Structure formats: structure tokens, C-alpha cells
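Visitor: Let me see the structure of the following:
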Amino acid sequence: PPMSLLFRTIVKNVAVPICFAMAALSALLLLGRLVPLLETLLRAGVTPGELGHFLLLLIPTFLVLVVPMASLIGVVVGFLRMSRDSEVLALLACGVGPLRLVLPVAAVALVTWAATFATAATVLPMSKKATGAFIRNLTERRIARGLPEKTFLLPVPTLAMYVHKSRKNGRILQGVYMVDARDLKHLQVVLARWGEIFSRPGSGEVILRLSDGVFHPAEADPRVSDTLFFRSYMLRLAFRDTGGLPSRGEMGLRELAAFAARRNLAPDDHRRYVVELHKRLALPVGAFILTLLGMPLGILFGRTGLSGGVALGLGAFLSYYLLVAVGANLAEAGTLPPAALWAPNLVFAAATAWLLRHLHRRGPVRG
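Guide: Below is the predicted model:
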């Protein structure tokens, strides 16, 4: 039937640029995530198989952005090409209204919504949890191999270290400077003449023995602080998951909803869980709306060319995501209610409806 032929043609025209955009954006973001970690990976002695496993873990962390961005760019580019080749004009001349062109795009938007929702609800938290375990294991291996000299390190997020000199592949340390922030109310500055690293592979921890040193609390008033000298001090660096509650990013949608419904949490913690829940639900809906938006943008700006189409799609997506990011920050701070994260969806839904109405009344713009 003519309708099914039109449906298949439009889906094919937008599917190819969507796939290209997804591959290009994934490669670009993957490279951006990998480069800062490359030195750490090499120092830890990762195998090619482990590197490949790590890359697979990284990909889902940005798919929630790549899928809607690629879908929007693909639809814009697909309709730009059809408009530039006068295919849209021919369809309109044959009596095919703009609203009939929306149906295949809506099908693509529905697939985009499903993929984004599945990623945000399940794949992303699983990936973040597995990536965290991989990084902890990697850090343990790197520290166990020894500390480089004259380099500031963060072996764990609450501990900063600096070693003046090191011997025996970095396992014997001379001139150790350390800031211990595990207790934020009582920061400790530790200076030691000597240090030595002990480890047992697979134990999930590294022991750092410091000798001939001093503890100096980082108090606001140095006149009331006590300086403690020590002959020997053993510091245990644990890299295994302590079994505590997972972070918001590592929670599945069902677990996140359960925490958002709890009333025995501190107000700030409860608000963060609710904001994260709204964000996980709002982003897939935004992906659906942005995909629909690509059709009127591609037709109305049909003379801008490929680069213009990519820029148009990126600009629309970045505008949307900026509104979401600002809304999330304000909601977490308590300035806006968590439901405000749906405001960007309403704004872009209204813009899409207005452009479709404009297209229905005026048709494509001719350059």
C-alpha cells in the first residue's frame, strides 16, 4: 500500500543517519572518557581483554545522551536531504500532508523512547556499578605495584598523597605527605619520613606502613590543634565495596522509586532521590519529543546542508539538556520542586507542536 511504502521510505531515510550519528558520537565520547584514564590503565598493567571489557562498561554511561542526540540529528539530516532533493515538496504536491509524514517519525521516536528508558532504568545503573568495581580493582593493583615519586595521587576519594622519592618500584617510600579527609570534620595532615607498601593480591586492600612521622589536624585555629608524633603507623586502604547503600546513579529505577518513597531519610537526601527519579523518567520522554522535533526542523531548514543539519540538531539537543541540567541543580538545591524537571519537555513539546502547525500552514521554505 502507498502508506506502507511511504512509511518504509521515511524510516529508511532517517535510520541510516541515525546509525552514523550514534557511531560517531559514541566513538567521540568514548575517546573523551578513555584518554584521561589511559595512564592509570597502563600503570595498572591491564591486559587487552580487560581494556575491551572496560570499554564495554563505559559505553552505557553515555548512551542515555547518545541515543536521543543521534535520533534527533538523524531525523533532521534525513529530512534535510529529502527537502533538498525536493522529495518533501513532491509529496506535499501529491496531497500527502505533513501530519502523515509524522507517523513514521513517531515510530522512530517510540523506539528512541524505549531504548532511552531501558538504558536509564536498568543498563546505566548496572554499568555504573560494574565500572566502579573495575576502577576499585584497578586502583588496588596500581597502588600495590608501587607509588610514583613527585606525583599527587588519590588512591581513594578521601585521601591525597605525595611521595618525594621512591625505591624498589615504588614500594619503599621516602618523604610521604598525606591529607586524610575520611572524616570531613577532622581533616588530618600526615607527614612521614618513610613508608612501605604491603599487599595481598585479590584481598581488596593495600596496607601502607608509615614510620617516623607526625599527625597535624587541619583545624581552623592552629593554636588549639594538637600535633602527634608517631614511630609507626599502619593505614589500611580498602578498595572493595563496603556493602553500604548504592549511590543514586547505581540504583535501578525500582530501587530508586522505593528510596524516593521513604520518609525516614534526611530532607536533602530524600530530595536528591526524588530528583534523580524524575530525571530518569523525564529524559526518555524528552528523547521522544526531540525526535519528533527533528522532522519540522529538517523540512523548514531544508537548504542548510549536512553540516547545518548536524549543527541544528546539536544545538536543539544541547539547549534541551542545558535546561534539564539547570533544573536538576536547582531542584537538588531546593529552589525548584523536583517536578520542574518536566518543564523542558513541556517547552520542547510546545515548540514541536508550533513548528508542525507552521509547517502544515506554510509548507517547506524554499531557498
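
Visitor: Which helix in the chain has the most residues?
Guide: As assigned by DSSP state H, the longest helix anywhere in the chain is helix 48-84.

Visitor: Which strands or helices does it pack on?
Guide: helix 2-34, helix 87-93, helix 98-118, helix 124-144, helix 267-300, helix 305-332 (3 or more Cβ pairs under 8 Å, 6 or more residues apart in numbering; DSSP states H and E). Placement of C-beta: from N, CA and C, glycine included.

Visitor: got those as TSV, with mean neighbour count columns?
Guide: Below are the helices and strands packed on helix 48-84 laid out as TSV (neighbours: other Cβ atoms under 10 Å):
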stretch	mean neighbour count
helix 2-34	15
helix 87-93	16
helix 98-118	19
helix 124-144	19
helix 267-300	22
helix 305-332	17
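
Visitor: now those helices in TSV, with mean pLDDT and distance to His186?
Guide: Converted to TSV, the helices and strands packed on helix 48-84 look like this (pLDDT from 0 to 100; distance: least, Cβ to Cβ, whole Å):
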stretch	mean pLDDT	distance to His186
helix 2-34	87	35
helix 87-93	71	67
helix 98-118	90	44
helix 124-144	79	24
helix 267-300	90	22
helix 305-332	87	27
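
Visitor: can you list the ones you listed in JSON lines and add distance to Leu159?
Guide: Formatted as JSON lines, these follow (distance: least, Cβ to Cβ, whole Å):
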{"stretch": "helix 2-34", "distance to Leu159": "24"}
{"stretch": "helix 87-93", "distance to Leu159": "60"}
{"stretch": "helix 98-118", "distance to Leu159": "37"}
{"stretch": "helix 124-144", "distance to Leu159": "10"}
{"stretch": "helix 267-300", "distance to Leu159": "24"}
{"stretch": "helix 305-332", "distance to Leu159": "26"}
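
Visitor: Determine the number of other residues adjacent to His164.
Guide: For His164, the count of nearby residues is 12 (other Cβ atoms under 10 Å).

Visitor: do the same with Ala333
Guide: Burial of Ala333 is recorded as 11 neighbouring residues (other Cβ under 10 Å).

Visitor: Likewise for Pro60?
Guide: 20.

Visitor: quick one, what contacts the nearest residue to it once chain neighbours are set aside?
Guide: Leaving aside its chain neighbours, Pro60 sits nearest to Ser127 (3.8 Å; criterion: Cβ to Cβ, 6 or more residues apart in numbering). Applying Cβ atoms under 8 Å, 6 or more residues apart in numbering, we find Ser127 in contact with 57-61.

Visitor: between the residues you listed, which is closest to Leu80?
Guide: Ile59 (28.0 Å; Cβ to Cβ).

Visitor: That closest one: neighbour count?
Guide: Neighbour number of Ile59 under other Cβ under 10 Å is 15.

Visitor: doesn't Leu30 make contact with it?
Guide: Yes - counting by Cβ atoms under 8 Å, Leu30 is a contact partner of Ile59 at 6.5 Å.

Visitor: Phe79: which of the helices and strands packed on helix 48-84 is closest?
Guide: Taking the helices and strands packed on helix 48-84 one by one with Cβ to Cβ, helix 267-300 is closest: 2.7 Å.

Visitor: Would you mind measuring from the residue nearest to Pro60 to Pro267?
Guide: As for Ser127, its distance to Pro267 is 30 Å (criterion: Cβ to Cβ, to the nearest Å).

Visitor: again, but for Pro48
Guide: Taken as Cβ to Cβ, the span from Pro48 to Pro267 is 48 Å.

Visitor: do Leu330 as well
Guide: 16 Å.

Visitor: Show the subsequent helix or strand relative to the helix or strand where Ala160 lies.
Guide: Counting by DSSP states H and E, the element that carries Ala160 is strand 159-167. Following strand 159-167 in sequence order, the next helix or strand is strand 172-180 (DSSP H and E).

Visitor: For the stretch 151-300 of the chain, give me the ranges with low pLDDT.
Guide: 184-185, 200-204, 219-225, 238-246 (pLDDT under 70).

Visitor: Please repeat the previous calculation with a cut-off of 90.
Guide: Along the stretch 151-300 of the chain, segments meeting pLDDT under 90 span 151-174, 176-191, 194-210, 213-273, 295-300.

Visitor: Tell me if I'm right that Ala15 and Val108 touch.
Guide: Yes - at 7.4 Å, Ala15 counts as touching Val108 under the criterion of Cβ under 8 Å.

Visitor: I would like the residues contacting stretch 183-197, please.
Guide: 143-144, 146-147, 163, 170-181, 206-218, 233.

Visitor: Let me have it in CSV, keeping just the CA atoms, if that works.
Guide: Extracted C-alpha coordinates of stretch 183-197, given in CSV (Å, rounded to 0.1, in the frame of the first residue of the first chain):
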residue,chain,number,x,y,z
ASP,A,183,36.4,12.4,58.5
LEU,A,184,35.4,15.7,56.9
LYS,A,185,35.0,17.3,60.4
HIS,A,186,38.6,16.4,61.4
LEU,A,187,41.0,16.7,58.5
GLN,A,188,44.4,15.2,59.2
VAL,A,189,47.7,16.2,57.5
VAL,A,190,50.3,13.4,57.9
LEU,A,191,54.0,13.7,57.3
ALA,A,192,56.3,10.7,57.4
ARG,A,193,60.0,10.1,56.8
TRP,A,194,59.5,6.6,55.5
GLY,A,195,56.7,4.4,54.1
GLU,A,196,56.3,0.9,52.8
ILE,A,197,53.5,-0.8,50.8
